[in-house]
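# I need the structure of the sequence given here:
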Amino acid sequence: MSRMAEGVLELERPEPGRATTVLTSWTGTLLQALDAMGIDGQALAQRAGISPDDLEDPERRIALEATSRLWRLAVEATGDPGLGLEVSRFVRPGTFHTLGHAVITSSTLREALERIAQFSRVTADCSVVRVEEGPEEIALVISFDAAGPLPTHESIDAIMATIVRAVRFMLAQSVSPRRLALVRPEPERAERFGELFRCPIEFGAPRNRLSFDRATAEQAVPGGNPRLARLHDSVTAAYLEGLDPATTVRQVRSAIGDLLPTGEPTVASVASVLSTSARTLQRQLQEEGTSFREILREVRLGLAVAYLRRGDQTVTEITRRLGFSETPSFSRAFKQWTGVSPTHYR
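From the prediction side, this is the model:
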């Protein structure tokens, strides 16, 4: 959940005691960069305590302590304290689950920064990210839960460089931040940072902060697509929800997923699976800020996107798996959700 203070959109801190993890595909990006440099990234990963099985599923999570060990080993192996800048070259929209797709289809840079703040836990669930607004600039501030392990300086460099590369992809290669502040001490060959970011940089700062001119942040993105961005938001939110402790919402999601291949689930059928009454179930969902109808839509949308992206099923097969009685009904629903037909999305 996020909260809005005066001029600040902030992501709430993770619950105390929760294991701190990082998205596997983010760690995989570091390994890709190492391999391209002629360094055996898999061997370093095993030294860091990360097994090949840990890296197979890009949606899995790896302990932050292990990924930080890998970053330190990588810096040692390359002798490059600016390794994060190089790693950012290997990032793709899918590196951060569906968050990357949501960011690049945002209508404005401001919206993109707000999405990064809202869903930052996708990358590392210890992050505390907020958007700060001033008269002339809009900034993204990144900090971390001080009670737990912290990411390495180089991984933060990579995140900041990735954001700037994404902004240039969205708007224009000539776009640069207004200024950048990094907690890390000034590294050797600091001029490389200046060459990439092309803005004033403060090292040894009290916080990590990346700002842009307000006019730039509010400029329309030529490839922006609000409906697609919201679609990816839904899938990202569902993924993050799966990281949280069990709730009625999660139980209902799971039951709906099990029942869909047999037809459209109802409140009564899901309540029966969960050994409760329909009235109690609806009340519990209302207390958690949602409804059965909304969860059904989100589950269907998330599965539809996953099936269409995978590409190994026909639209008719997907229709049946999502509990729709006929393909036209699914097509109409999908177009209402996303603005495009299933075939066009694929």
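
# what comes up buried for stretch 169-187?
170-171, 175-184, 187 (16 or more other CB atoms under 10 Å). All C-beta atoms are positioned from the backbone trio N, CA, C, and that covers glycine.

# can you check stretch 204-219 too?
208-214, 216-217, 219.

# so which of the residues you listed belong to strands?
With DSSP state E as the criterion, strands contain 208-213 from among the buried residues of stretch 204-219.

# what's the mean pLDDT across stretch 24-40?
The pLDDT scores in stretch 24-40 average 96.

# chain center to it: distance?
Centroid separation for stretch 24-40 versus its chain: 19 Å, with CA atoms, centre = their mean, to the nearest Å.

# put the alpha carbons of it into CSV.
C-alpha atoms of stretch 24-40 as CSV (Å, rounded to 0.1, in the frame of the first residue of the first chain):
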residue,chain,number,x,y,z
THR,A,24,15.4,-13.4,-9.4
SER,A,25,15.3,-11.7,-12.9
TRP,A,26,17.1,-8.7,-11.5
THR,A,27,19.9,-10.9,-10.2
GLY,A,28,19.8,-12.6,-13.6
THR,A,29,20.6,-9.3,-15.3
LEU,A,30,23.8,-9.0,-13.3
LEU,A,31,24.8,-12.5,-14.5
GLN,A,32,24.1,-11.6,-18.1
ALA,A,33,26.4,-8.6,-17.8
LEU,A,34,29.1,-10.7,-16.2
ASP,A,35,28.9,-13.3,-18.9
ALA,A,36,29.2,-10.6,-21.6
MET,A,37,32.4,-9.5,-19.9
GLY,A,38,33.8,-13.0,-20.0
ILE,A,39,33.3,-13.8,-16.3
ASP,A,40,31.5,-16.9,-15.1
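
# in that stretch, what counts as buried?
For stretch 24-40, using 16+ other CB under 10 Å, the buried residues are 24-34, 39.

# let me know the closest of the residues you listed to Lys335.
Ser25 (29.4 Å; CB to CB).

# need the contact list for that closest one.
Listed by CB atoms under 8 Å, 6 or more residues apart in numbering, the contact set of Ser25 reads 58-59, 94-97.

# what does Asp54 give?
24, 45, 60, 62.

# quick revisit: kindly indicate which of the buried residues of stretch 169-187 lies nearest Arg279.
The nearest one, if we look at the buried residues of stretch 169-187 relative to Arg279 and count by CB to CB, is Met170, at 47.1 Å.

# highest neighbour count among the contacts of Asp54?
Ala45 (26 neighbours; other CB atoms under 10 Å).

# just give me the neighbour total for the closest residue to Ala36 other than its chain neighbours.
Nearest residue to Ala36, sequence neighbours excluded (CB to CB, 6 or more residues apart in numbering): Phe90, at 7.3 Å. By other CB under 10 Å, the residues close to Phe90 number 18.

# kindly report the same for Val91.
What Val91 shows, counting by other CB under 10 Å, is a neighbour count of 22.

# need the phi and psi values for it.
In terms of degrees, to the nearest 10, the main-chain angles of Val91 are phi -80, psi 140.

# and it, what's its pLDDT?
So Val91 comes in at 96 (pLDDT).

# before we move on, which element is the residue nearest to it when sequence neighbours are not counted in?
Spatial nearest neighbour of Val91, chain neighbours left out: Thr162 (4.7 Å); criterion: CB to CB, 6+ apart. For Thr162, the element it lies in under DSSP states H and E is helix 153-170.

# how does this protein divide into domains?
2-217, 246-345 (automatic domain parsing).

# looking at these, which is closest to Gly223?
For Gly223, the closest of the domains of the chain is domain 2-217, at 6.9 Å, according to CB to CB.

# so how far is the closest one off the chain centroid?
Centre-to-centre, domain 2-217 and its host chain are 11 Å apart (CA atoms, centre = their mean).

# quick check, nearest of the contacts of Asp54 to Gln284?
The nearest member of those to Gln284, counting by CB to CB, is Arg60 at 29.5 Å.

# pLDDT weak spots in the stretch 1-150 of the chain?
1-19, 145-148 (pLDDT under 70).

# now the strands for it?
2-5, 8-11, 21-23, 61-63, 127-133, 137-144 (DSSP state E, counting those that start in this stretch).

# for stretch 294-306, what is the average pLDDT?
For stretch 294-306, mean pLDDT rounds to 86.

# and that stretch, what's buried?
Applying 16+ other CB under 10 Å to stretch 294-306 flags 295-296, 298-305 as buried.

# and Val252, how many neighbours?
Counted with other CB under 10 Å, Val252 comes out at 26.

# that one - nearest residue in space that isn't next to it in sequence?
Ile295 (5.3 Å).

# and that neighbour, what element?
helix 292-310.

# any idea how far that helix is from the chain center?
Using CA atoms, centre = their mean, the offset of helix 292-310 from its chain centre is 17 Å.

# need the residues that contact that helix.
98, 231, 234-235, 237-238, 249, 252-253, 256-257, 260, 264-265, 267, 270, 281-282, 285, 313, 318, 321-323, 330, 333-334, 337-338, 342, 345-346.

# before we move on, what about stretch 142-157?
Here stretch 142-157 has contacts from 13-14, 16, 20, 22, 64-65, 67-68, 71-72, 74-75, 81-85, 87-88, 120, 124, 126-129, 159-160, 182-185, 193, 207-210, using CB under 8 Å, 6+ apart.
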